[in-house]
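Enquirer: How does the following fold in three dimensions:
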Amino acid sequence: MKITHLLHLPILVLLACTQTSKENVVSEINHSIEITPENPMKQTSEQQTIYNYKVKDIAGDEFDFASLKGKKIMIVNTASECGLTPQYEQLQEVYEEFKDKNFIIIGFPANNFGAQEPGTNEQIATFCKKNYGVSFPIMSKISVKGSDIHPIYQFLTQKAKNGLQDSEVEWNFQKYLIDEKGHLAKVISPRTLPNSPEIINWIKG
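Expert: Have a look, this model is predicted:
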């Protein structure tokens, strides 16, 4: 019996050494991987912010969300021929009240719902200014859902990117609230008015 145990000992030692060697190799590999925005294996919470995104404004110029660091942001998908279009009025009122208090509204015209935003960027800009005196930034028309969803709305609607929750844009004038560090904070229903207590309290908080 003693001889049998002794015969097994070298095998156990060999297996233990092999296992330790593998663990060391894996550890060394993991430590040698540099975590960068180009490396999809891992992203830090700092990378998962809205500041990674650039879009085109209504005039076709580049708009960099990194320029909004330190501000609270409301992002809303808009339409000119929707039953909720009068929300432009409340949006403008809220913007005027808080624009000098580290708050901004960004509008994204979209034609995803009932074809209620059929116009060109120029037509949309004219409509917003003429009918509601809109002065908050309006971006170029994009898609906010479906196979051609814009990257900015991929961030807003996918938990894997925004770190908070998965969501789907239900209709025109859905609101996404972004905190001062560029993280998604709340998703607000299209039918909730921009000047609702929920939103105003968040802006002031």
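
Enquirer: I'd like to know how many residues surround F136.
Expert: F136 has 19 neighbours, counted by other CB atoms under 10 Å. Any C-beta I mention is one placed from the backbone N, CA and C, and that applies to glycine too.

Enquirer: For Q154, see how far away it is.
Expert: Going from F136 to Q154 by CB to CB, to the nearest Å gives 23 Å.

Enquirer: Give the other helices and strands that whichever strand or helix holds N201 contacts.
Expert: Under the criterion of DSSP states H and E, N201 resides in helix 197-204. Applying 3 or more CB pairs under 8 Å, 6 or more residues apart in numbering; DSSP states H and E, we find helix 197-204 packed against strand 72-78, helix 87-98, strand 175-178, strand 184-188.

Enquirer: E117: which of the ones you listed is closest?
Expert: Nearest of the helices and strands packed on helix 197-204 to E117, taken as CB to CB: strand 72-78 at 7.1 Å.

Enquirer: how far is stretch 140-160 from where the chain is centred?
Expert: Averaging C-alpha positions (CA atoms, centre = their mean, to the nearest Å) puts stretch 140-160 9 Å from its chain's average.

Enquirer: mind listing the helices for the protein?
Expert: Secondary structure of the chain (DSSP state H): helices at 2-32, 87-98, 121-132, 151-157, 159-162, 197-204.

Enquirer: ok so, going back, format the helices and strands packed on helix 197-204 as TSV; extra columns: mean neighbour count.
Expert: Below are these laid out as TSV (neighbours: other CB atoms under 10 Å):
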stretch	mean neighbour count
strand 72-78	23
helix 87-98	18
strand 175-178	23
strand 184-188	19
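
Enquirer: tell me the domain ranges of the protein?
Expert: Domains of the chain are assigned by automatic domain parsing as 1-32, 50-204.

Enquirer: Please identify the most buried of the ones you listed.
Expert: Highest mean neighbour count of these: domain 50-204, a mean of 17 (counted as mean count of other CB atoms under 10 Å).

Enquirer: what mean pLDDT would you report for that one?
Expert: When pLDDT is averaged along domain 50-204, the result is 98.

Enquirer: and it, how far apart are its ends?
Expert: The straight-line separation of the ends of domain 50-204 (CA to CA, to the nearest Å) is 21 Å.

Enquirer: cool, and stretch 51-58?
Expert: For stretch 51-58, the end-to-end distance is 19 Å (CA to CA).

Enquirer: And that stretch, how far out from the chain middle?
Expert: Put simply, stretch 51-58 sits 12 Å off its chain's centre (CA atoms, centre = their mean).

Enquirer: Tell me who's in contact with the residue lying closest to K56 once chain neighbours are set aside.
Expert: Spatial nearest neighbour of K56, excluding adjacent residues (CB to CB, 6 or more residues apart in numbering): S140 at 4.3 Å. Taking CB atoms under 8 Å, 6 or more residues apart in numbering, we find S140 in contact with 55-58, 60, 109, 121.
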